[in-house]
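Participant: Predicted model and sequence below, questions to follow.
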Amino acid sequence: MTQEDQRPDAELLAAHVAGDPTAFTTLVRRHRDRLWAVALRTIGEPEEAADALQDALLKAHRSAASFRGDAQVTTWLHRIVVNACLDRLRRAKARPTVPLPEYDSAHPVEPDDPLGRRELAWEIERALRTLPGDQRAAVTLVDVEGYSVEETAELLGIPTGTVKSRCSRGRAKLVPLLTHLRNRPDPADVPVSDSSRTAAPDKPRQEPDHRLNGDQP
Amino acid sequence: MSQHHDPVHPDSDHLTPEVLADLELGLLDDESRDHAELHLTHCATCAALRGDFAALTDTMADLPDEPMPDAVWQQLATALAAEPVVTPAGAATVVPIETARKRRWGRPGIGVVAGAAGVALVGAIIGGNVLGGTNNSAITSDSGGPTAAGDNAREVLVNPYAATQSGTKYDAAALDAQVTQLVTARKTFSPTAAPTADSTAPTASPTTSGEFASPEPTMNDDPGVAQLATDPAAAQACLEGYLGVPGVRPLAIDIGKWQGEPAAIIVLPAADPNAAEVWVIDPDCSGPEGWLFYYATVPMRAVP
């Protein structure tokens, strides 16, 4: 086996632009899982995600010389991937996304997961796929991938207020899932986070999401 | 941007999820925000709902990234490898030889760089030392045309790693036709008994039947190439080490020229049965310090 190429992302991209035939593939290989996750969550269907990802990365391969270096290479790649996914979603609007199968609730409670976070994650992945594409992309980038609202706005080429609005609509559609799980009969199954369990009525959560810091209008 | 919302649920006086989501994101106007904050200090139900939002964002932030399936990666890597390198000017180019000489080898899409340093790729060339006695110059060409190995040749190649030495001037623009003809000629002259995949011993010994007759080598004036003409086992070790994939049997290996320089043209099966991967490399399989001149996936045209 060979050693992984240790050059930084920007150096690999520059090498690709200069004619290095393997640099771009090395770059993509390095980030493939995250790019795949973003594509899959944005588009909601594995086959479509694979096609969108390929379209996007071929485009990035061809247009690498236009990368200005004023953003992270990964941000630039994510922008191209997300926009390719959204283009594909718009073209295939009539086609519903394929939901993930139901979580097998007969699953025994796993000893390392007593609060059922794995089930919750599964349910949220399922619910994400039911969101409209624009909301799903915003929620994926801000809430899952951890981009700031400003970065997401730049990624998607939309105003920050629109990102917030889409995140808000998306979260509002997802949160009943948490409420439903919280209200299940067996309290041992309530998979809520520490922060929600400490959100006592007289002490509502005041601190803003760290990813939205400095983002108040 | 701010939006005005009626923060009171019409039926229960509770805050709606939309209002709470807007509150978290700073989308409420001042009046709605103050009303919502006041409500939250008194309403356990709405405070719990607000906690659900926190749990939601916490959980989403921790969602694991699903690894890219191998099949998706292979398809993607193949597509990327087939893309020509594009200069800032936008013109598709081959890799300049002088630049390529400085590069390390690596197979796009597989990315394993050879560990087979110093192995002679052209060890499998059916050169003068293993010719079957026929002095066949059918594939010699200085015209640059696809005078593929075996056009008029009577050679039969029994080892997939055995190379021809046509001297053809390979060119990116004509590569598909050249490669099609090369592979077709090789198939035409293949023996009825299929070569074995694990053939590691040189089988290209000259026979009086002309079993391994080969075109006359045309590059014996190149000391580098002539020197490397040893055996198919060396070529196999070189290819497998370089590609990092054991058992990949080439459709053809030919020694010709690329941009005026000696080059080994290695043709491998592609995922698409109607296409082939073509690797144009320096004939000296020198592993990590080896040189890749050009790579492309080309369609295999039907030959009448």
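Facilitator: The structure has been received and is ready for your questions.

Participant: Tell me where the model's unsure across the stretch 51-200 of chain B.
Facilitator: Scanning the stretch 51-200 of chain B for pLDDT under 70 picks out the ranges B:85-160, B:187-200.

Participant: In it, what residue comes closest to chain A?
Facilitator: Of all residues in the stretch 51-200 of chain B, the one sitting closest to chain A is B:Gly51 (3.2 Å; CB to the nearest CB). (C-beta placed from N, C-alpha, C; glycine too.)

Participant: neighbours around that residue, how many?
Facilitator: Number of residues near B:Gly51 (other CB atoms under 10 Å in any protein chain shown) recorded here: 25.

Participant: Now do the buried residues in the helix or strand encompassing it.
Facilitator: Element membership for B:Gly51 (DSSP states H and E) is helix B:44-61. Using 16 or more other CB atoms under 10 Å in any protein chain shown as the burial criterion, the residues of helix B:44-61 that qualify are B:46-60.

Participant: just curious, which of those residues is nearest to A:Ala50?
Facilitator: B:Met60 (23.0 Å; CB to CB).

Participant: I figured the closest one was touching A:Ala127, is that so?
Facilitator: No: B:Met60 is beyond contact range of A:Ala127, at 10.1 Å (criterion: CB atoms under 8 Å).

Participant: thinking again about what came up before, could you say what helices and strands the helix holding B:Gly51 packs with?
Facilitator: helix A:117-129, helix A:160-182, helix A:194-197, helix B:17-24, helix B:30-42 (3 or more CB pairs under 8 Å, 6 or more residues apart in numbering or on different chains; DSSP states H and E).

Participant: what's near enough to touch the residue nearest the centre of chain A?
Facilitator: The residue lying closest to the centre of chain A (CA atoms, centre = their mean) is A:Thr140, at 3.1 Å. By CB atoms under 8 Å, 6 or more residues apart in numbering or on different chains, the residues touching A:Thr140 are A:38, A:41-42, A:82, A:128.

Participant: Also near chain B: which of those residues, exactly?
Facilitator: Checking the contacts of A:Thr140 against chain B by CB under 8 Å from any CB of the partner chain, not one of them is in range.

Participant: Pull out the buried positions in the one helix or strand A:Ala137 maps to.
Facilitator: Assigned by DSSP H and E, A:Ala137 falls within helix A:133-139. Across helix A:133-139, burial judged by 16+ other CB under 10 Å covers A:133-139.

Participant: tell me which of the residues you listed is nearest to chain B?
Facilitator: Looking across the buried residues of helix A:133-139 and measuring by CB to the nearest CB, the closest to chain B is A:Val139, at 7.2 Å.

Participant: what's the pLDDT at that closest one?
Facilitator: At A:Val139, the model reports a pLDDT of 94.

Participant: domain ranges for chain B?
Facilitator: B:17-61, B:70-299 (automatic domain parsing).

Participant: likewise chain A?
Facilitator: If you go by automatic domain parsing, chain A breaks into A:7-98, A:102-196.

Participant: which residue ranges form the helices in chain A?
Facilitator: Under the criterion DSSP state H, helices of chain A are mapped to A:9-17, A:23-43, A:46-62, A:73-91, A:117-129, A:133-139, A:149-156, A:160-182, A:194-197.

Participant: okay, the ones you listed, which one's buried deepest?
Facilitator: helix A:133-139 (a mean of 25; mean count of other CB atoms under 10 Å in any protein chain shown).

Participant: For that helix, list the C-alpha coordinates in PDB.
Facilitator: What follows is helix A:133-139 as a C-alpha-only set of coordinates in PDB (Å, rounded to 0.1, in the frame of the first residue of the first chain):
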ATOM      1  CA  GLY A 133     -35.300  20.200  -1.200                       C
ATOM      2  CA  ASP A 134     -34.500  23.800  -0.500                       C
ATOM      3  CA  GLN A 135     -35.200  23.400   3.200                       C
ATOM      4  CA  ARG A 136     -33.400  20.100   3.300                       C
ATOM      5  CA  ALA A 137     -30.200  21.700   1.900                       C
ATOM      6  CA  ALA A 138     -30.300  24.500   4.300                       C
ATOM      7  CA  VAL A 139     -30.900  22.300   7.300                       C
END
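
Participant: That helix close to chain B?
Facilitator: Yes: for helix A:133-139, a contact with chain B is found by CB under 8 Å from any CB, at A:Val139.

Participant: mind checking how far that helix is from the chain centre?
Facilitator: 9 Å (CA atoms, centre = their mean, to the nearest Å).

Participant: Can you tell me what sits against it?
Facilitator: A:41-44, A:82, A:85-86, A:89-90, A:128-129, A:131, A:152, A:156, A:163, A:166-167, A:169-171, A:173-174, B:60.

Participant: where does chain A dip in pLDDT?
Facilitator: In chain A (pLDDT under 70), the answer is A:1-3, A:92-117, A:182-217.

Participant: A:Glu150 and A:Ile158 touch, don't they?
Facilitator: No: assessed by CB under 8 Å, A:Glu150 is found out of contact with A:Ile158, at 11.3 Å.

Participant: A:Lys164 - nearest residue in space that isn't next to it in sequence?
Facilitator: B:Leu25 (4.3 Å; CB to CB, 6 or more residues apart in numbering or on different chains).

Participant: mind listing what that neighbour touches?
Facilitator: With CB under 8 Å, 6+ apart, B:Leu25 has these contacts: A:164-165, A:167-168, A:212.

Participant: Perfect, I'm done here.
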